[in-house]
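Novice: coordinates only, sequence not included:
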Ligand SMILES: Nc1ncnc2c1ncn2[C@@H]1O[C@H](COP(=O)(O)OP(=O)(O)OP(=O)(O)O)[C@@H](O)[C@H]1O
């Protein structure tokens, strides 16, 4: 019974939200297309959760508009809410309900009480490896299991758009990997996914487009590849036939690491060139037997962007 999309998955225009003296969201414009895997990144306090709460109808904006699948989050609240599933950052449950009860209560808010709805909840439990925990009380579950219940809870009404606010915070590597597989599956099945995370390698591995928020504003919004191209430096790794005794003075400031006969240089985009480095090494009598380059990570780009605008 998923709600048809009558517009972009998410559309936000001129959004502002103030809390006393804090301007948590300052003029955000954002469109997330249907079917995208979108990353929303930013340091603590950037305004990500406030933006998500506005989309979920939990916080009212002071100015601007927000819509899910073309449904305004205020004027058309019910439809917007049906189109959206939010996996919140914090794990808060009534400890006395069982997993199945938690999901049934959530489904009840959407009037989903039929056998098909129940079958879908069982499917969710199985997909999230919770089938044998269905009748366990919430208080008996580990933190990782509770997090999986949060995901199931956000999906009971088969929303077109799924926002996951730090779904893997504090979970072990095994669970993180299985959550990635599950989230990728949701995306492959046509869901729009918006992921906020502090693990930048997670955003780098999963997201197609990424917005970086800082101080309530979107300071960068691009495809992951284009963001990575903004990196100011890249690494050049050179293997020499013999360990280098002394380096040409002009290369010394660029040297980042040296182990036996491997030299690692950090090259600045636009100013340093690989042929020049290799020529300097050759002129110093070194025989280069291998080279490789490595692009900077999203983490470096993120730090550069958020520092610049701080
Ligand atoms: N209910 C509130 N009352 C007062 N200030 C708030 C409230 N909610 C958020 N803020 C403030 O608004 C700013 C943005 O907070 P928000 O939680 O949206 O950031 P965030 O990017 O989600 O951070 P984090 O990564 O830590 O979750 C912060 O300065 C925060 O202290």
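Specialist: Perfect, I can see it now. These numbers were taken from a predicted model, which means no experiment stands behind them.
Novice: Checking residue 178 next. Helix, strand or coil?
Specialist: Secondary structure state of residue 178, per DSSP: H, G, I helix; E, B strand; the rest coil, is helix.
Novice: Surely it and residue 144 touch.
Specialist: No: counting by C-beta atoms under 8 Å, residue 178 does not reach residue 144; the two are 9.5 Å apart. In this view, the C-beta of every residue, glycine as well, is placed from N, C-alpha and C.
Novice: So, low pLDDT: which residues of this structure?
Specialist: Counting by pLDDT under 70, the low-confidence segments of the chain come to 1-4, 308-310.
Novice: Can you list the residue ranges for helices in it?
Specialist: For the chain, the helices defined by DSSP state H occupy 48-55, 77-83, 99-109, 115-127, 143-155, 173-188, 200-206, 224-229, 274-283, 298-308.
Novice: Let me have these in JSON lines, adding distance to the ligand as columns.
Specialist: Converted to JSON lines, the helices of the chain look like this (distance: least, C-beta to the nearest ligand atom, whole Å):
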{"stretch": "helix 48-55", "distance to the ligand": "3"}
{"stretch": "helix 77-83", "distance to the ligand": "19"}
{"stretch": "helix 99-109", "distance to the ligand": "23"}
{"stretch": "helix 115-127", "distance to the ligand": "26"}
{"stretch": "helix 143-155", "distance to the ligand": "15"}
{"stretch": "helix 173-188", "distance to the ligand": "18"}
{"stretch": "helix 200-206", "distance to the ligand": "13"}
{"stretch": "helix 224-229", "distance to the ligand": "18"}
{"stretch": "helix 274-283", "distance to the ligand": "38"}
{"stretch": "helix 298-308", "distance to the ligand": "11"}
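Novice: among the ones you listed, which is the most enclosed?
Specialist: Counting by mean count of other C-beta atoms under 10 Å, helix 48-55 has the highest mean neighbour count of those, with a mean of 24.
Novice: Select, out of the helices of the chain, the one closest to residue 239.
Specialist: Judged by C-beta to C-beta, the one of the helices of the chain that comes nearest to residue 239 is helix 274-283, at 10.9 Å.
Novice: which outside residues touch that closest one?
Specialist: Taking contacts as C-beta atoms under 8 Å, 6 or more residues apart in numbering, the residues outside helix 274-283 that touch it are 236, 238, 240, 244, 248, 250-251, 254, 263, 265, 267, 288, 291, 293.
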